[in-house]
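A.B. asks: Below are the sequence and a predicted model for it; my questions follow.
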Amino acid sequence: MTEEISEKILAAHVPIPMCVVGENGKIKSVNRSIDRVFQYADLENADFFALTGIRIKDLETSGEERPVIERNGRKFALTADREAFAEGNDLAVFFTDVTGFEDLKKRYDAERVCVCRINLDNYDQMNESVSSESGMAVVSEINKVVRRWAAEIGGSADRVKDDQYLVYFQRSALEGLCAGKFAVLNDVRNIVTEEDFPLSLSIGVGTGGKTVAETAEFAQEALDLALGRGGDQAVVKSEDRLLFFGGKSQTIEKSNKGKSRIVGIALCKLIEQASRVFIMGHRHGDLDSFGSALGIYRLCQYSSTEAHIVIDEVPDSLRILYDQVRHSQEYNIIRAEKAMALCDESTLVVVVDTARPSLVEAPALLKGAGKVAVIDHHRRAEDNIDNPALAYVESYASSTAELVTEMLQYVLGRRGVLKLEAEALLAGMTVDTNRFSIKTGVRTFEAAAWLRRLGADTTEVKRFFQTDMDTLRVRAKAIADATFHPNGIATSICPGKQQDAQVINAQVADELLTIRGVKASFVAGENDSGVTCVSARSLGDLNVQVLLEEMGGGGHFGTAGAQLRMPPEEVIERLLAAAGASRETPEQ
């Protein structure tokens, strides 16, 4: 009786809409004002969740962030109170009209400032490739395109450098830009230049910062990420989200090697300041990561600093080179557990052939070391190693071995490297370029020629790639059983569980690209741990990096891979579906 009286008194005296909900989630009673929210008759015994879309338990735990519903053109914030009654376990729910506040909040969000940084990719290369008159005309045309684009979204554009713009616009324009996939990327790409030199922009947009300064930091981080992923794309960064658009062009090789010299000298200084250096690549290492590690080891020897190469598991594809390195007794190779015991704040960790902390041989070393340096040639992903003391990530390079070789050229000069190290570095370039057939530039051949002059034997390098007969049979069967789709995509699934599934899949994917009419290939297969490894290859019509990133992997425009906990057949189906959507909307 007390509970009934309390409900009636509460309903009679509360001026805002309210209802009483029982333990079963059904409405027991309402007050007269409830018709502002629900214009239904007989609300008693109605299901509260069916009416509002909000569960009682979520309503009670919502805290200060009250859930808001929209009814009859008005917005109401819901508040729950179980202590409103003297007895029983019923819940009083109050509906506060917050329409004006929500509209003001929406307007505030729409008028917040977005900061946009724009970089003209390959500006220096363009000036070297075209005449001065043509170059000025091209820059003038780009300037018109960028300023017209800024005006269309109600923004202001300032040219802060010859190849950089700073644009401010309101957040209300951002949704349209994302829906249009930053059409300005296409507008610049379609500008005709002398000798058909490709033009592209990299765009970084910052939004949602607590201050304009923080938003500007988001924009710079977004631009760095766009450039690290090869350019010709837009990245939108907020406090908790990243969005990617574009990425249709292959990265153009940079002709200036000055950065290699600067990075090489800077890395040597970090090595000299450290008490010891740990060098590690990615898990399930390959010839590129291991060869690059040997090159960095030589830099440490040059600086007279104690160095160790960290590696736990040696895949079969690395076994021949690894055994030869072990037999030489020239190198300190240790396991991750022992490295952690030796690691302290004066230790430098050099990570090669990956920039993602989740993929390194020993992630704990990144936290235990005083400083971390990163040398990589893959396009940047979202989860990169935080705040490295030195980061040399160049997606134009064929391999990490190429970057390391150029640094060795400048730092060591004629002293060079040992024959085994030169062969390991050359093997790294060979495997990542599919024997110099893909992603190979002038600098790749120059680096290979320098290694050859130092005594690298191509016959020995070829021996590193030798495999056993069982692996050859698996590879041949995967190629023979490949499926060819009408859109120029070839797919295959490697049989059984292979220890070197990642390497075998990559080799099969490369071979499928040699078949006439094939423009892209997807190959999946399980390793001996039951993890599905997938390799994707493309001749340039399809950005396989974007496709594999959606599955937690990454790589380059035409070469990418991932490891997943799902059947190979399902992986192939998902890739085919994503490839079809990508061809329909190529800017995605």
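C.D. replies: Arrived safely, thanks for sending.
A.B. asks: Sketch out the strands for the stretch 1-150 of the chain, chain order is fine.
C.D. replies: In the stretch 1-150 of the chain, the segments counted as strands under DSSP state E, counting those that start in this stretch are 18-21, 27-30, 68-71, 74-81, 91-97, 113-120.
A.B. asks: What strands line up against the last one, and which way round?
C.D. replies: The reference is to strand 113-120. Here strand 113-120 has these sheet partners by DSSP bridges: strand 164-170 (antiparallel), strand 201-206 (antiparallel).
A.B. asks: How about the first one?
C.D. replies: Here the strand partners of strand 18-21, with direction, are listed using DSSP bridges: strand 27-30 (antiparallel), strand 91-97 (antiparallel).
A.B. asks: follow-up on the earlier one: quick check: which of the strands of the stretch 1-150 of the chain is nearest to residue 312?
C.D. replies: Smallest distance to residue 312 across these (C-beta to C-beta): 39.5 Å, for strand 113-120. C-beta coordinates here come from the backbone N, C-alpha and C atoms, glycine included.
A.B. asks: wait, doesn't residue 556 sit right on residue 397?
C.D. replies: No - counting by C-beta atoms under 8 Å, residue 556 does not reach residue 397; the two are 10.0 Å apart.
A.B. asks: low pLDDT regions in the chain?
C.D. replies: Counting by pLDDT under 70, the low-confidence segments of the chain come to 1-12, 62-63, 84-88, 194-196, 248-256, 581-588.
A.B. asks: Which strand in it has the most residues?
C.D. replies: Ranked by number of residues, the top strand in the chain under DSSP state E is strand 489-498.
A.B. asks: chain center to it, what's the gap?
C.D. replies: Relative to its chain's centre, strand 489-498 lies at 25 Å (C-alpha atoms, centre = their mean, to the nearest Å).
A.B. asks: same question, stretch 32-49
C.D. replies: Distance of stretch 32-49 from the chain centroid (C-alpha atoms, centre = their mean) equals 48 Å.
A.B. asks: And for stretch 414-425?
C.D. replies: Computed by C-alpha atoms, centre = their mean, the chain-centroid distance of stretch 414-425 equals 33 Å.
A.B. asks: could you dump the strands of the stretch 1-150 of the chain to JSON lines with distance to residue 462?
C.D. replies: Output for the strands of the stretch 1-150 of the chain, formatted as JSON lines (distance: least, C-beta to C-beta, whole Å):
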{"stretch": "strand 18-21", "distance to residue 462": "76"}
{"stretch": "strand 27-30", "distance to residue 462": "79"}
{"stretch": "strand 68-71", "distance to residue 462": "67"}
{"stretch": "strand 74-81", "distance to residue 462": "71"}
{"stretch": "strand 91-97", "distance to residue 462": "75"}
{"stretch": "strand 113-120", "distance to residue 462": "41"}
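A.B. asks: Name every strand pairing with the longest strand of the chain and say which way it goes.
C.D. replies: Here, using DSSP bridges, strand 489-498 pairs with strand 483-484 (antiparallel), strand 520-527 (parallel).
A.B. asks: Looking at those strands, spot the one closest to residue 578.
C.D. replies: That would be strand 520-527 among those, by C-beta to C-beta, at 9.9 Å.
A.B. asks: just checking, next helix/strand downstream of the closest one?
C.D. replies: Using DSSP states H and E, the helix or strand that follows strand 520-527 in sequence is strand 532-538.
A.B. asks: Redo the strands of the stretch 1-150 of the chain as JSON lines? Include mean neighbour count and distance to residue 345.
C.D. replies: Listed next are these as JSON lines, based on neighbours: other C-beta atoms under 10 Å; distance: least, C-beta to C-beta, whole Å:
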{"stretch": "strand 18-21", "mean neighbour count": "23", "distance to residue 345": "57"}
{"stretch": "strand 27-30", "mean neighbour count": "20", "distance to residue 345": "62"}
{"stretch": "strand 68-71", "mean neighbour count": "14", "distance to residue 345": "49"}
{"stretch": "strand 74-81", "mean neighbour count": "18", "distance to residue 345": "50"}
{"stretch": "strand 91-97", "mean neighbour count": "20", "distance to residue 345": "54"}
{"stretch": "strand 113-120", "mean neighbour count": "23", "distance to residue 345": "35"}
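A.B. asks: Go through those and name the closest to residue 358.
C.D. replies: Of those, nearest to residue 358 by C-beta to C-beta is strand 113-120, at 27.8 Å.
A.B. asks: Off-centre distance for that closest one?
C.D. replies: On C-alpha atoms, centre = their mean, the centre of strand 113-120 falls 20 Å from that of its chain.
A.B. asks: list the helices and strands the helix ranked longest in the chain packs on?
C.D. replies: Longest helix of the chain, by residue count under DSSP state H: helix 132-152. Secondary-structure packing of helix 132-152 (3 or more C-beta pairs under 8 Å, 6 or more residues apart in numbering; DSSP states H and E): strand 113-120, helix 123-129, strand 156-161, strand 164-170, helix 184-189.
A.B. asks: From these, pick the one with the highest average neighbour count.
C.D. replies: The highest mean neighbour count among the helices and strands packed on helix 132-152, using mean count of other C-beta atoms under 10 Å, belongs to strand 113-120: a mean of 23.
A.B. asks: Output the strands paired with strand 113-120 as a markdown table; include the columns distance to residue 578.
C.D. replies: Below are the strands paired with strand 113-120 laid out as a markdown table (distance: least, C-beta to C-beta, whole Å):
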| stretch | distance to residue 578 |
| --- | --- |
| strand 164-170 | 31 |
| strand 201-206 | 23 |
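A.B. asks: closest to residue 564 out of the ones you listed?
C.D. replies: For residue 564, the closest of the strands paired with strand 113-120 is strand 201-206, at 29.5 Å, according to C-beta to C-beta.
A.B. asks: mind listing the helices for the stretch 201-350 of the chain?
C.D. replies: All helices of the stretch 201-350 of the chain, identified by DSSP state H, counting those that start in this stretch, fall at 212-228, 258-273, 287-302, 316-328, 336-342.
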